[in-house]
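Novice: got a predicted structure here, sequence first:
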There are 2 protein chains.
Amino acid sequence: MGKITTGATTMSLDGYIAGPEESGFDLLFQWYGNGDVEIPSASPDVPPFRVSAASAALIKREWANTGALLVGRHLYDMTNAWGGRHPMDLTTVVLTHRRPDDRPEDDENFVFVTDGIEAAVAKAKELAGEKDVVVNGGQMARQCLEAGLLDEVGVALVPVVLGGGKPLFGELGIAPVQFDGPVAVVEGQGVTHLRYRVKN
Amino acid sequence: MGKITTGATTMSLDGYIAGPEESGFDLLFQWYGNGDVEIPSASPDVPPFRVSAASAALIKREWANTGALLVGRHLYDMTNAWGGRHPMDLTTVVLTHRRPDDRPEDDENFVFVTDGIEAAVAKAKELAGEKDVVVNGGQMARQCLEAGLLDEVGVALVPVVLGGGKPLFGELGIAPVQFDGPVAVVEGQGVTHLRYRVKN
């Protein structure tokens, strides 16, 4: 059985995955381009990543073990559906209140779930098979954590203070929460990869 | 010349040095007692630390190279002046609007500065000589950072989500800010020690 993890969610030192009014992405995602090792992107809108060797080794290993993605409608809209396919080259489950008009049917790129977080996680797990599910977006991570469905928290911690914005877990209703670990620490260039185990 | 650093400021994964209404200290400071290596405390109110070997090696090295402390009045009051002496066994400079009535004169334990952050830093540097100055408290760290007086940010990152509280740099007016590094990463037990260099 794979796990449900936030993957390598990029987070500022003060805990934000986006700055105020969707700002700060240039600073947050600098590590995507500060190295020599290329990681291909399956998205026509997202260029290949060029990261440090340490980051690449970790990311490649984790991507190879990921079988499906789970995101919220906000991230889907904000990225314009990554131009049609997620960079990780996987089927992306989107939790939404209403299916987008331009996508009347599910396909290998996107699957829409409208009946809540548990159904969305179940669908993503089904698609992932024995592999992991990566869940992205603060509200999605929060819902998974609150529902006891999250197994691992993965953070790519970058040396930036944004001063406000969207927290890793949105407005978490069950704080304080303590995790086990870190179970892994990997030093990239301008980024520290941390993995924590959720106590469920 | 020593540097001005936040030392080993304990911070939650979501960026807080205290939870809502001064809560969460039990979770934040668990790493002070989860190991086998004792670090003596000079405070009659603070027990010796018992930390992991990796944390102890770092803390002992840094403490040995620290010559003075700089804190805000809030921390001084909240800790009840650490019972008379800071655990690190150093003179503590306190920035305050008004000197406490019960301390009419400076002594080897506490020195009070009432004319602003630059004077307080100057006093702490004078006391520290060639060694470092550790500055604590979110408002003090913020003031030093905003004034271009901070050289290093040191964080003891713990696997806890507090969901709110006091941010590492309080309400930072100059965000976003980017640091260099991490220049050091040390894995303790239940804590990740990170050191960043401030671009001044």
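Specialist: Perfect, thanks for sending it.

Novice: correct me if wrong: A:Phe179 contacts A:Val155.
Specialist: No - using CB atoms under 8 Å, A:Phe179 is not in contact with A:Val155, being 10.4 Å away. Every residue, glycine included, has its C-beta placed from N, CA and C.

Novice: which residues do these two both contact?
Specialist: A:196, B:13 (CB atoms under 8 Å, 6 or more residues apart in numbering or on different chains).

Novice: okay, now the unreliable bits of chain A?
Specialist: Across chain A, not a single residue meets the criterion (pLDDT under 70).

Novice: just the helices in it please.
Specialist: With DSSP state H as the criterion, chain A has helices at A:25-28, A:53-64, A:73-78, A:117-128, A:138-146.

Novice: need the ones you listed in CSV with distance to chain B and mean neighbour count, can you?
Specialist: Shown next, in CSV, are the helices of chain A (distance: least, CB to the nearest CB, whole Å; neighbours: other CB atoms under 10 Å in any protein chain shown):
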stretch, distance to chain B, mean neighbour count
helix A:25-28, 6, 16
helix A:53-64, 11, 16
helix A:73-78, 19, 17
helix A:117-128, 18, 20
helix A:138-146, 8, 23
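
Novice: the closest residue to A:Asp132 other than its chain neighbours and chain B, how far apart?
Specialist: Excluding its sequence neighbours, the residue lying closest to A:Asp132 (CB to CB, 6 or more residues apart in numbering or on different chains) is A:Gly2, at 4.0 Å. Noted for A:Gly2: a distance of 22 Å to chain B, by CB to the nearest CB, to the nearest Å.

Novice: got the residues of chain A near chain B?
Specialist: A:12-16, A:19, A:23-24, A:27, A:153, A:155, A:157, A:159-164, A:167-169, A:171-172, A:175-182, A:185, A:187, A:190, A:192, A:194, A:196 (CB under 8 Å from any CB of the partner chain).

Novice: again, 7 Å this time
Specialist: Listed as neighbours of chain B in chain A under the rule CB under 7 Å from any CB of the partner chain: A:13-15, A:19, A:24, A:27, A:159-163, A:167-169, A:172, A:175-182, A:185, A:187, A:192, A:194, A:196.

Novice: point to the residue nearest the middle of chain A.
Specialist: A:Asn136 (3.2 Å; CA atoms, centre = their mean).

Novice: any idea how many residues pack against the closest residue in space to that residue that isn't next to it in sequence?
Specialist: In space, and not counting its chain neighbours, A:Asn136 is closest to A:Val71: 4.9 Å by CB to CB, 6+ apart. For A:Val71, the count of nearby residues is 26 (other CB atoms under 10 Å in any protein chain shown).

Novice: next, the contact list for A:Val71, please.
Specialist: A:92, A:94, A:136-137, A:140 (CB atoms under 7 Å, 6 or more residues apart in numbering or on different chains).

Novice: need those residues in TSV with distance to A:Asp77, can you?
Specialist: Formatted as TSV, the contacts of A:Val71 follow (distance: CB to CB, whole Å):
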residue	distance to A:Asp77
A:Thr92	13
A:Val94	9
A:Asn136	13
A:Gly137	11
A:Met140	13
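
Novice: and of these, the nearest to B:Tyr76?
Specialist: Nearest to B:Tyr76 out of those is A:Gly137 (CB to CB; 41.3 Å).

Novice: what sits closest to A:Ala53 if chain neighbours are left out?
Specialist: A:Ala53's closest residue in space is A:Val37 (CB to CB, 6+ apart), at 5.4 Å.

Novice: contacting residues around that neighbour?
Specialist: So A:Val37 contacts A:50-53, A:56 (CB under 7 Å, 6+ apart).

Novice: now for these: which two are most distant?
Specialist: A:Arg50 and A:Ala53 (11.1 Å).

Novice: who touches both of these two?
Specialist: Shared contacts of A:Arg50 and A:Ala53, defined by CB under 7 Å, 6+ apart, are found at A:35, A:37.

Novice: who's in contact with the longest strand anywhere in chain A?
Specialist: Assignment by DSSP state E gives strand A:177-187 as the longest strand of chain A. The contact list for strand A:177-187 (CB under 7 Å, 6+ apart) reads A:54, A:58, A:145, A:153, A:192-199, B:27, B:159-161, B:185, B:187, B:192.

Novice: for it, list every residue counted as buried.
Specialist: A:177-179, A:181-182, A:185-187 (16 or more other CB atoms under 10 Å in any protein chain shown).

Novice: same deal with stretch A:6-26?
Specialist: Neighbour counts over stretch A:6-26 (16+ other CB under 10 Å) mark A:6-19, A:23-24 as buried.

Novice: quick one: which of the residues you listed sit in strands?
Specialist: Those of these lying in strands (DSSP E): A:9-12, A:16-18.
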